[in-house]
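Enquirer: Return atomic coordinates for the entry below.
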Amino acid sequence: MANQWLRLWHDMPNDPKWRTIARVSGQPISLVLSVYMHLLVEASRSVTRGHAHVTAEDLASALDVTEDGIEAVLNAMQGRVLDGQALTGWDKRQPKREDAGDPETGAKSASQRKREQRERERQAALERECHAESREVTTDKDKDKDKETPKPPSGESGWSRPDWVPADLWQQFEEVRRRKKKPLTDAARKLAVNRLDKLRAEGHDVATMLNDSILHAWDTFYAPKEGTLSKPANHWEGAI
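Expert: Residues are numbered from 1 along each chain as shown. Next up, the predicted model:
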């Protein structure tokens, strides 16, 4: 199958040969260039590439000039840009089809270009897959971390500490319960405060009772003995 393209070199319109051919043929440069362009196209789509199988009559009809003018131009081109029907310099300026590849010019064949394209697509797919797996692993680790790290009790949801309970001592008491693996729930907090309030109503000091429980790592509160922070004999451990 003939190529669908051909190449022109940058200085082609200003090549000095056209002036020479125009002078020898007695025809304008515009006609010389037009004839050569037609020859290039014919040579490109010819079965034998580089050979322009076209008649002076066809060129004259295409360019709307006389056959004598075309004959003069073709004769002047012989030995300069034509060798019979072959365009000189064709192989140099019009390399072999890139679809077949050309080691001399470095042109790659169609199959080679396709192989390289598929390899690029395969590598891109692998990279996308690796990135996706990396994101999934990170997400799973984050989920596991959330499962392993227990959330500390807020102490404020559905329950609020009364103003008469010292905040710092209450926090220390809750820390004792957490270290004993008996963290307070909101219901347990209410019961603990009720017990503390009942003892307070009996005349016992709230701070002293909290300090006793913190010091002895008790689960609840007891009425303190005078002059001591020791644990009373009638204690009730595990009440809460």
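Enquirer: Can you name the next helix or strand after the helix or strand bottoming out on mean pLDDT in the chain?
Expert: Within the chain, no helix or strand scores below helix 110-148, which has a mean of 74 by mean pLDDT, DSSP states H and E. Where DSSP states H and E defines the elements, the next helix or strand beyond helix 110-148 is helix 167-179.
Enquirer: C-terminal to that following helix, which secondary structure element comes first?
Expert: helix 186-201.
Enquirer: Please point out which parts of that next one sit buried.
Expert: Under the neighbour-count criterion of 16 or more other Cβ atoms under 10 Å, helix 186-201 has 188-189, 192-193, 195-196, 199-200 buried. C-beta: built from backbone N, CA, C; applies to glycine.
Enquirer: what's the spacing between the residue nearest the centre of the chain and E119?
Expert: Compute the mean C-alpha point of the chain, and by Cα atoms, centre = their mean the closest residue is R128, 8.0 Å away. Distance from R128 to E119, counting by Cβ to Cβ, to the nearest Å: 15 Å.
Enquirer: Ok, R93 next?
Expert: 32 Å.
Enquirer: These two: which has the busier surroundings?
Expert: Higher neighbour count among R93 and E119: R93, with 15 against 10, using other Cβ atoms under 10 Å.
Enquirer: Contacts only, for that one.
Expert: 7, 9 (Cβ atoms under 8 Å, 6 or more residues apart in numbering).
Enquirer: Equivalent analysis for E116, please.
Expert: Applying Cβ under 8 Å, 6+ apart, the residues near E116 are K108.
Enquirer: quick one, domains of this protein?
Expert: Domain segmentation of the chain under automatic domain parsing yields 12-93, 99-149, 154-240.
Enquirer: which of those has the lowest average pLDDT?
Expert: Within these, confidence is poorest for domain 99-149, with a mean of 71 (mean pLDDT).
Enquirer: Test my guess that G26 contacts A72.
Expert: Yes - G26 sits in contact with A72 when judged by Cβ atoms under 8 Å, with a separation of 6.1 Å.
Enquirer: Please say which of these two ends up with more neighbours.
Expert: A72 (21 against 11).
Enquirer: Next one: the closest residue to W9 other than its chain neighbours from L8, what distance?
Expert: Once flanking residues are discounted, W9 sits nearest to R93: 6.0 Å by Cβ to Cβ, 6 or more residues apart in numbering. R93 is 8 Å from L8, where distance means Cβ to Cβ.
Enquirer: Likewise for N194?
Expert: Taken as Cβ to Cβ, the span from N194 to L8 is 100 Å.
Enquirer: one step back: quick one, what contacts the residue nearest to the centre of the chain?
Expert: Per Cβ under 8 Å, 6+ apart, neighbours of R128: none.
Enquirer: Export the helix or strand A207 falls within to PDB, keeping only CA atoms.
Expert: Assigned by DSSP H and E, A207 belongs to helix 206-216. C-alpha atoms of helix 206-216 as PDB (Å, rounded to 0.1, in the frame of the first residue of the first chain):
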ATOM      1  CA  VAL A 206     -15.800  15.600 100.600                       C
ATOM      2  CA  ALA A 207     -12.100  16.300  99.900                       C
ATOM      3  CA  THR A 208     -11.000  14.100 102.700                       C
ATOM      4  CA  MET A 209     -13.200  11.200 101.500                       C
ATOM      5  CA  LEU A 210     -11.800  11.600  97.900                       C
ATOM      6  CA  ASN A 211      -8.200  11.700  99.200                       C
ATOM      7  CA  ASP A 212      -8.900   8.500 101.200                       C
ATOM      8  CA  SER A 213     -10.200   6.700  98.200                       C
ATOM      9  CA  ILE A 214      -7.300   7.900  96.000                       C
ATOM     10  CA  LEU A 215      -4.700   7.000  98.600                       C
ATOM     11  CA  HIS A 216      -6.000   3.500  99.200                       C
END
